[in-house]
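> Okay, here's the prediction I keep looking at, along with the sequence it came from:
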Amino acid sequence: MTASVQPSVLPHASANKFGIFGWHPKSLQWLCYFRPFMAFVCANAFLQGAIVNGLVSTSISSIEKRFNLTSTQSGTFAATYDVFVTIMLLPLALYTAKVNKVRAIGWGMIFVGIGGVLIVVPQFMDGHYEVGDLKPTVCSSSTVDTPKCETSTPLISGPYFFLLLSQAFIGIGASPLFTYGYTCIDEFDSHKKTGRNMGIYMSFSTVGPALAFIAGGASLKIWGDIGRTTPESVGIIGRSDPRWYGAWWLGFLVCGLLAFVTAIPLTMFPEKLNDTDARKKSDVTQTHLKLNKDFSNEKYAFMKILLMFLTSPTVMAIIGMQTLESMVMNGYITFVPKLLETLFGFSSGNASVVTGAIVVPMGVIGSVLGGIISKRLKNDFRKSMFSVMILTLVTAAASACLLIRCNEAAVAGITADLSTLNNRSRSVVDSCNSDCSCENIFEPVCSVEMNVNFLSPCHAGCRTNVIGAAEWEGCTCSGYQEKVSNGWCSVDCQPQMIIFFSLFALMAVTIFACAPLMQSASFRVVHFNHRDQFVCFGWLFMRVLGSIPGAILFGHIIDRNCLFWQKDCDGEKCQLYNAKDLGFSFSALTIAIKLLCVAMLSIAYFSYRKIENDATEKEQSLEEKNKFELDKKLTGGISVANTMVY
């Protein structure tokens, strides 16, 4: 047994040349080192995150509007990515020893670039945007109760097919990046620096979606049919018109082309970098005693590796914790903007901006902090697990911020009895609006005089139809002034917001700090040659049992706290929630999951048994000392290997 890690899967250093198809120019060989590799892989992580977690989220409603998709179709479009990522995990685990992993990442990102361009094709193959009629929101006896539904896009239509195909390309292409990407970072640099490198890598993955969200929001302010029609020519008065749709496709086109360009250098990297040996010369194995077995060259290797993982309490506890963490992360990523809308009355746009403004910097700080902690702990597994336990408990405590909310004004007929307003029973329908047919209308307005919200001008009894107006008059349900203003009644809850966002920022920092700590420390548990299978196996659990059920679970909790359902062509859509119960439900679920994470971490901590390295470490130190003396004689006192380490 030797303390230094000498993976057999890596080729001899003489083959370490940057190039492709026999083309290896000397002028580009400076790229065959860790720093250039790290720069390219981080750039690709930035772009992959921008496309998948940024642009898709900001564009989904515009895509629905542009191609007349139902919610089911748009949900299928978003889920196609996850389906193909999950499918790719098995072949990635099976053929890890037979491929150049860096080049696999590069070719995969070329697929992502193609997918980013493919998603734009339907925009130009489906003709110009067809605008429907603007539905009135004021009281009118002629208002139709049931919304007029247009025929949705058939499942086999050309535009929808290209949308699904683009997501398939992106899912297939992105899967090597966050599987092989992690192991390559660990493989090419010292294990002591893995946590720091993971922190940098994850920071780029965090910043990408955030900047894409900002850029995507800006592009949605540009008319979608650039050069084909104008808003005025189709009867749209401006961005406040609900029929407006923006240039959702611009971001995909730019990021797709950039992904294609930045992926090309990765297709030219060798399996081993020129400075890998120098960087990893002091690495010491920390593999779990019962997992220090290499089945790479044996028959049925994959099944043996899989069985070894399944029967290891340490491995399964780590994967269990990561699965629970992905459940919380995906739930929060999906629904935090909606939560802020409910707790503090933000508009959907402002809620997304505020979420990004907090999560992005805190995510970067947390990722870097986790990397620093990992480096300080020298990537020691047990110390890292204990640190993650502390951070997880802090996250659970900080989640109490979800109990904080604004004391919003009452909503007539929903959260307040109309009897307190007009001496009548609780109902959204009253004698002042009984002939208005308001059931399917939702455009909140506020009676400043009464400090009461109404679901729409129609529910307030307003009879004057002024498109784009900020105020309505002649509203028979809204008191003596008979006047309402657009939007919810404003409330002053700045102290609550300060406390909430301080604790929410702490939550974000601690959640993101756990990721590099967990990823770098968990690599030390399994055999060096089985890290790729471990990552793919973990991602399979996280996808199938974590992120996908997480979004469903959090979505179910949100729906259970709905106060007003609006009917549309796709069924029902909730427009108003019980803020108090929703915040409590999110907080309770977060605390419960985090306590389960601590239990998993405890199992991993106590079940871990490290290989004893004392004797071999002394042997390695003597070997390194002899090598240094030899280098000193040959190079005049300067060790070439040492000059490569930073």
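Okay, I see it.

> how close does Ser456 sit to Cys489?
According to C-beta to C-beta, to the nearest Å, Ser456 stands 14 Å off from Cys489. For glycine as for every other residue, the C-beta is placed from the backbone atoms N, C-alpha and C.

> neighbour-wise, which of those two wins?
Counting neighbours by other C-beta atoms under 10 Å for Ser456 and for Cys489 shows that Ser456 has the greater number, 24 against 21.

> the strands in the stretch 401-550 of the chain, which residues?
Ranges of strands within the stretch 401-550 of the chain are 410-411, 445-447, 452-454, 471-473, 483-486, based on DSSP state E, counting those that start in this stretch.

> Comparing those strands, which comes out most buried?
For those, the largest average neighbour count (mean count of other C-beta atoms under 10 Å) is found in strand 452-454, namely a mean of 27.

> thinking again about what came up before, Serialize the strands of the stretch 401-550 of the chain to a markdown table and add fields for distance to Phe162 and mean pLDDT.
A markdown table is the format used below for these (distance: least, C-beta to C-beta, whole Å; pLDDT from 0 to 100):
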| stretch | distance to Phe162 | mean pLDDT |
| --- | --- | --- |
| strand 410-411 | 42 | 82 |
| strand 445-447 | 41 | 85 |
| strand 452-454 | 42 | 87 |
| strand 471-473 | 43 | 80 |
| strand 483-486 | 38 | 82 |
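
> Next one, pLDDT for Phe501 please.
Note on Phe501: pLDDT of 91.

> One more: Thr590?
92.

> How about the secondary structure of it?
Of the three states, Thr590 takes helix under DSSP: H, G, I helix; E, B strand; the rest coil.

> My read is that it contacts Ala400, right?
No: counting by C-beta atoms under 8 Å, Thr590 does not reach Ala400; the two are 9.3 Å apart.

> tally of neighbours for Val52?
Val52: 25 neighbours (other C-beta under 10 Å).

> more crowded one of Thr590 and Ala400?
Thr590 (21 against 14).

> contacting residues for the more buried one?
328, 395-396, 399, 402 (C-beta atoms under 8 Å, 6 or more residues apart in numbering).

> Also Gly181?
Gly181 sits next to 41, 45, 105, 201 when contact means C-beta under 8 Å, 6+ apart.

> secondary structure element for it?
helix 180-188 (DSSP states H and E).

> next helix or strand past that helix?
helix 194-219.

> for the helix or strand just after that following helix, packing partners?
Note on helix 194-219: by DSSP H and E, the next helix or strand toward the C-terminus is helix 249-266. Using 3 or more C-beta pairs under 8 Å, 6 or more residues apart in numbering; DSSP states H and E as the contact test, the elements touching helix 249-266 are helix 34-49, helix 56-67, helix 101-118, helix 194-219.

> Now tell me what touches helix 249-266 from outside.
31, 36, 40-41, 43-44, 47-48, 50-51, 54-55, 58-59, 102-103, 105-110, 112-117, 119-120, 123, 212, 215-216, 219, 222, 224.

> just how off-centre is it within its chain?
Distance of helix 249-266 from its chain centroid, counting by C-alpha atoms, centre = their mean, to the nearest Å, is 19 Å.

> Stretch 208-227 now?
18 Å.

> pLDDT averaged over it, what's the number?
81.

> and it, which residues are buried?
Across stretch 208-227, burial judged by 16 or more other C-beta atoms under 10 Å covers 208-217, 219-220, 223-225.

> what sits against the closest residue to Arg228 other than its chain neighbours?
Spatially, and ignoring its direct neighbours in sequence, Arg228 is nearest to His128 (4.9 Å; C-beta to C-beta, 6 or more residues apart in numbering). Residues counted as contacts of His128 (C-beta under 8 Å, 6+ apart) are 225, 228-229.

> cool, and Leu94?
Applying C-beta under 8 Å, 6+ apart, we find Leu94 in contact with Phe302.

> For the remainder of this discussion, apply numbering that starts at 46.
Sure, I'll start counting at 46 from here, so that last one is Leu139.

> per-residue confidence at it?
So Leu139 comes in at 81 (pLDDT).

> The one 3 residues further on now?
Reported pLDDT at Ala142 in the predicted model: 75.

> And for Ser211?
93.

> next one: Leu163
In this model, Leu163 is scored at 92, pLDDT.

> That one reaches Leu210, doesn't it?
Yes: with contact defined as C-beta under 8 Å, Leu163 counts as touching Leu210 (5.9 Å).

> so what are the domain limits for this structure?
Split into domains by automatic domain parsing, the chain comes to 78-174+204-320, 349-446+540-656, 454-535, 659-688.

> any low-confidence regions in the stretch 246-395 of the chain?
Scanning the stretch 246-395 of the chain for pLDDT under 70 picks out 280, 282-287, 325-344, 392-394.

> Go through stretch 294-302 and flag the buried ones.
Quick answer for stretch 294-302 (16+ other C-beta under 10 Å): 294-301.

> Not including adjacent chain positions, what is the nearest residue to Tyr525?
Per C-beta to C-beta, 6+ apart, closest to Tyr525 is Glu494, 7.0 Å.

> Wait, the one you found touches Cys522, no?
No: in this structure Glu494 lies outside contact range of Cys522 using C-beta under 8 Å: 11.6 Å.

> overlap in contacts of these two?
Joint contacts of Glu494 and Cys522 (C-beta under 8 Å, 6+ apart) do not exist.

> Looking at those two, which one has more neighbours?
Per other C-beta under 10 Å, whichever of Glu494 and Cys522 has more neighbours is Cys522, with 27 against 13.

> Show the backbone phi and psi for that one.
The phi and psi torsions at Cys522 (degrees, to the nearest 10) take the values phi -100, psi 0.

> mind checking how far Met353 is from Ile105?
Applying C-beta to C-beta to Met353 and Ile105 gives a distance of 41 Å.

> just to revisit the earlier point, between the buried residues of stretch 253-272, which is closest to Thr555?
For the buried residues of stretch 253-272, the residue nearest Thr555 by C-beta to C-beta is Ala255; the value is 18.6 Å.

> gap between the closest residue to the closest one other than its chain neighbours and Leu551?
Spatially, and ignoring its direct neighbours in sequence, Ala255 is nearest to Val405 (3.7 Å; C-beta to C-beta, 6+ apart). Separation of Val405 from Leu551 (C-beta to C-beta): 15 Å.

> and Thr555, what does it touch?
411, 436-437, 439-440, 443.

> quick one: which of those is most hemmed in?
Most surrounded of the contacts of Thr555: other C-beta under 10 Å gives Gly411, at 28 neighbours.

> Need the pLDDT of that residue.
In this model, Gly411 carries a pLDDT of 90.

> That one contacts Leu562, doesn't it?
No: counting by C-beta under 8 Å, Gly411 stays clear of Leu562, with 10.2 Å between them.

> Narrow the contacts of helix 294-311 to those that are buried.
If we count by 16+ other C-beta under 10 Å, the contacts of helix 294-311 have these buried: 76, 81, 85-86, 88-89, 92-93, 95-96, 99-100, 103-104, 147-148, 150-155, 157-162, 164-165, 168, 257, 260-261, 264, 269.

> Lys618: what secondary structure?
Per three-state DSSP, Lys618 ends up strand.

> tally of neighbours for Leu438?
Applying other C-beta under 10 Å, we find 16 other residues in the vicinity of Leu438.

> can you pull the contacts of it?
For Leu438, the contact set (C-beta under 8 Å, 6+ apart) comprises 639, 643.

> Mind telling me what element it is part of?
Assigned by DSSP H and E, Leu438 falls in helix 426-443.

> In a markdown table: the contacts of Gly226, plus distance to Lys655.
A markdown table is the format used below for the contacts of Gly226 (distance: C-beta to C-beta, whole Å):
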| residue | distance to Lys655 |
| --- | --- |
| Val86 | 29 |
| Ala90 | 31 |
| Ile150 | 31 |
| Tyr246 | 26 |
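
> Before I go, just wanted to say thanks for your time.
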